[in-house]
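1. sequence unavailable; structure follows:
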């Protein structure tokens, strides 16, 4: 296994590191073109083309080493295929947060590893204008984090179900015994909805792109004294639902 | 192409009226803690085998179907019932006791089945919403129809976990098909001391190894019986995959979309045994079930 081989090399006494230069440049790509030709400054394509604009990343990896491996993954469990452009450039496509890792090995120079994070918006028409939250209260920042996360996930079905669940429990939160009890009740509702995802919704990273950012935002609000009671938390849950509503559909 | 129950399946003589407490492969001091966090909720496990019978420790299948002409889903062999118990049985005999069960009879009561029926069974299970498809069967050759059905299962979000075979290992690859297919997960068997079972087939395609010797589970004649084989290890592995899928889904993680993603997971979460790294006897190793569950539950995070 390649990783194990690198470990063995590292144990040798006189190893120096090869230098990897790994970077990503975001770019726009036009997908859905058939027979493209550039003529007089115009791109001519076959009539059956259906152009869509996608945000992509050009991954550049330069290393003096003899062997270089570049991999991308969307999470610990999901690898993503890179399209090789040439010896030092790869194309990364998709939506969401990606980790790009490069490993080089050269018997003369040694080994090196590098890793960068890339966030892409994906293929499709531009997203609709974001409606301002209707009643963000004191937690407009929480609503924004919720909205941004849901927007990047593009999973309106799950967003809709989360809105329903949060709105159902929100009126009860203020009268709960403690903040911790309120948090546990809301977490249970969220996890119940996420557990019941089906089909394409199962492929969405709600943990990485919505739960964790929201959690960080709520922890920051607690640390600054903005959330101290179940009543405060009720307003937080309302903000979470408001942020999700921009991505939820009207029906089931 | 005909597929069979892995040869030299060992059925032990001792039959138990009630399942002994603290089965070696499901020690309660470990598994009660795991089950306090996850039991396989909202996950469907399909067992494609000789069928199933009613048993007090088995859930009623949410769907079942026979792919054997002239035979019903009722298990007239015992193999399928035993596998169902190890995977989703209740009361301490199954790994994922809250998972839903799908039963496809793709092997006859005599223990054999043709690839058309097995491929149809895989596709049926995927269409029924299976998250994990457990197949304790194998044959000597690759069958395109079965391989394509496994690919179809992936397209529907189902992981296909297959028994490696019971041909042992003497230096040459002894893994059968469809376990050997690159998009299947290939499951070997360990014994109670943690070593690889002598009968467990070996080869470079082996992915992982789970308990498969003297496994007590539901008997099709009532009560419980011990069996040994990669046939027993595979539903254990399938049940564990069900727990993993259930937790990942609950936490909001994206599902596995390819066998390589599952292997990447194994690389991190299996205890390496045998030769260092992935090897022909243990694959990536033996899954650290308690550690996996603890990590996926995000106990280190207090959700705000």
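-> Perfect, thanks for sending it. Quick caveat, the model's predicted, so the values are computed rather than measured.
2. tell me the contacts of the nearest residue to residue A:145 once chain neighbours are set aside?
-> Leaving aside its chain neighbours, residue A:145 sits nearest to residue A:217 (4.5 Å; criterion: C-beta to C-beta, 6 or more residues apart in numbering or on different chains). Heads up, the C-betas are built off the backbone N, CA and C, glycines and all. Applying C-beta atoms under 8 Å, 6 or more residues apart in numbering or on different chains, we find residue A:217 in contact with A:141-142, A:145.
3. model confidence for residue A:217, exactly?
-> pLDDT, residue A:217: 92.
4. any idea which element it lies in?
-> Mapping residue A:217 onto the secondary structure by DSSP states H and E places it in helix A:212-223.
5. buried residues in the helix or strand that that helix is followed by, which are they?
-> The C-terminal neighbour of helix A:212-223 among helices and strands, as given by DSSP H and E, is helix A:230-245. When burial is assessed from 16 or more other C-beta atoms under 10 Å in any protein chain shown, helix A:230-245 yields the following buried residues: A:230, A:232-245.
6. all strands of chain A, in order?
-> Taking DSSP state E to define them, one finds strands in chain A at A:21-31, A:37-39, A:42-44, A:52-62, A:67-75, A:78-80, A:83-86, A:89-92, A:96-106, A:110-120, A:122-123.
7. I'd like those strands as TSV, with distance to residue B:129 appended.
-> Rendered in TSV, the data for the strands of chain A read as follows (distance: least, C-beta to C-beta, whole Å):
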stretch	distance to residue B:129
strand A:21-31	31
strand A:37-39	46
strand A:42-44	44
strand A:52-62	31
strand A:67-75	23
strand A:78-80	21
strand A:83-86	33
strand A:89-92	32
strand A:96-106	25
strand A:110-120	30
strand A:122-123	27
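8. low-confidence bits of the chain, can you list those?
-> Chain wasn't specified; assuming chain A. Scanning chain A with the threshold set as pLDDT under 70 gives A:1-19, A:65-66, A:75-78, A:105-111, A:122-137, A:249-252.
9. you looked at the wrong chain, it should be chain B
-> B:1-20, B:298-304.
10. which non-adjacent residue is nearest the residue of it found nearest chain A?
-> The minimum distance from chain B to chain A, using C-beta to the nearest C-beta, falls at residue B:252 (3.1 Å). Spatial nearest neighbour of residue B:252, chain neighbours left out: residue A:206 (3.1 Å); criterion: C-beta to C-beta, 6+ apart.
11. wait, the one you found sits on residue A:194?
-> Yes - using C-beta atoms under 8 Å, residue A:206 is in contact with residue A:194, at 5.7 Å.
12. need the overlap of contacts for those two.
-> Residues touching both residue A:206 and residue A:194 (C-beta under 8 Å, 6+ apart) are A:158, B:252.
13. of the strands of chain A, which is nearest chain B?
-> For these, the distance to chain B is smallest for strand A:78-80, at 5.0 Å, taking C-beta to the nearest C-beta.
14. pull the contacting residues for the residue of chain A found nearest chain B.
-> Closest approach between chain A and chain B, counting by C-beta to the nearest C-beta: residue A:206, at 3.1 Å. Contact criterion C-beta under 8 Å, 6+ apart gives A:153, A:155, A:158, A:194, B:252-253 as the residues in contact with residue A:206.
15. list the contacts of residue B:195.
-> With contacts defined as C-beta under 8 Å, 6+ apart, residue B:195 is in contact with residue B:273.
16. also residue A:167?
-> For residue A:167, the set of contacting residues under the criterion of C-beta under 8 Å, 6+ apart consists of residue A:241.
17. now do the phi/psi pair for the nearest residue to residue A:198 once chain neighbours are set aside.
-> Sequence neighbours aside, residue B:129 is the residue nearest to residue A:198 in space, at 7.4 Å (criterion: C-beta to C-beta, 6+ apart). Listed backbone geometry of residue B:129 is phi 90, psi 20, with angles given as degrees, to the nearest 10.
18. neighbours around residue 142, how many?
-> No chain in the question, so chain A it is. Neighbour count of residue A:142, defined by other C-beta atoms under 10 Å in any protein chain shown: 27.
19. I was after chain B.
-> Count around residue B:142 with other C-beta under 10 Å applied: 14.
20. cool, residue B:218 as well?
-> As a measure of burial, residue B:218 has 30 neighbours, counting by other C-beta under 10 Å.
21. and the strands in the stretch 1-150 of chain B?
-> Counting by DSSP state E, counting those that start in this stretch, the stretch 1-150 of chain B has these strands, from start to end: B:2-4, B:10-16, B:44-49, B:63-66, B:100-105, B:112-114, B:132-135.
22. next, the angle strand B:44-49 makes with the fifth one.
-> With axes from the mean of the first three to the mean of the last three C-alpha atoms, to 10 degrees as the criterion, the two stretches strand B:100-105 and strand B:44-49 enclose an angle of 20 degrees.
23. now check strand B:100-105, is it near chain A?
-> No - with C-beta under 8 Å from any C-beta of the partner chain as the measure, strand B:100-105 is seen stopping short of chain A, the closest distance being 12.6 Å.
24. tell me how far that strand lies from the chain's centre.
-> Put simply, strand B:100-105 sits 12 Å off its chain's centre (C-alpha atoms, centre = their mean, to the nearest Å).
25. rewinding a little: so the residue nearest to residue A:198 sits against residue A:196, correct?
-> No - Residue B:129 is not in contact with residue A:196 according to C-beta under 8 Å; the separation is 11.9 Å.
26. pick out whichever of the two has more residues nearby.
-> For residue B:129 and residue A:196, the more surrounded residue by other C-beta under 10 Å is residue B:129, and the numbers stand at 18 against 14.
27. and residue B:153, that one's in a strand?
-> No - counting by DSSP: H, G, I helix; E, B strand; the rest coil, residue B:153 falls outside a strand, being helix.
28. that one: what's its closest spatial neighbour, skipping adjacent residues?
-> Counting by C-beta to C-beta, 6+ apart, residue B:153 lies nearest to residue B:126, which is 4.2 Å off, once chain neighbours are set aside.
29. show me the contacts for the one you found.
-> With C-beta under 8 Å, 6+ apart, residue B:126 has these contacts: B:133, B:149, B:152-153, B:155-158.
30. at 10 Å instead, please
-> Counting by C-beta atoms under 10 Å, 6 or more residues apart in numbering or on different chains, residue B:126 touches B:46, B:102, B:133, B:149-150, B:152-158, B:160.
31. how about residue B:102?
-> Residues counted as contacts of residue B:102 (C-beta under 10 Å, 6+ apart) are B:44-48, B:61-65, B:84, B:88, B:121, B:124-126, B:128-134.
32. what residues are bridge-paired with it?
-> Going by DSSP bridges, residue B:102 is paired in beta bridges with residue B:46, residue B:63.
33. swap in residue B:52?
-> In this structure, residue B:52 has the following beta-bridge partners (DSSP bridges): residue B:74.
34. from memory it sits against residue B:63, does it?
-> No - Residue B:52 is beyond contact range of residue B:63, at 11.7 Å (criterion: C-beta atoms under 10 Å).
35. quick one: common contacting residues for those two?
-> For the pair residue B:52 and residue B:63, residues contacting each of them under the criterion C-beta under 10 Å, 6+ apart are B:101, B:103-104.
36. still on that earlier bit, neighbour count for residue B:52 and residue B:63, which is higher?
-> Neighbours were tallied for residue B:52 and for residue B:63 using other C-beta under 10 Å; the higher tally belongs to residue B:52 (27 against 17).
37. report the contact partners of that one.
-> Contacts for residue B:52 (C-beta under 10 Å, 6+ apart) come out as B:58-61, B:64, B:73-75, B:80-85, B:101, B:103-105, B:218, B:220.
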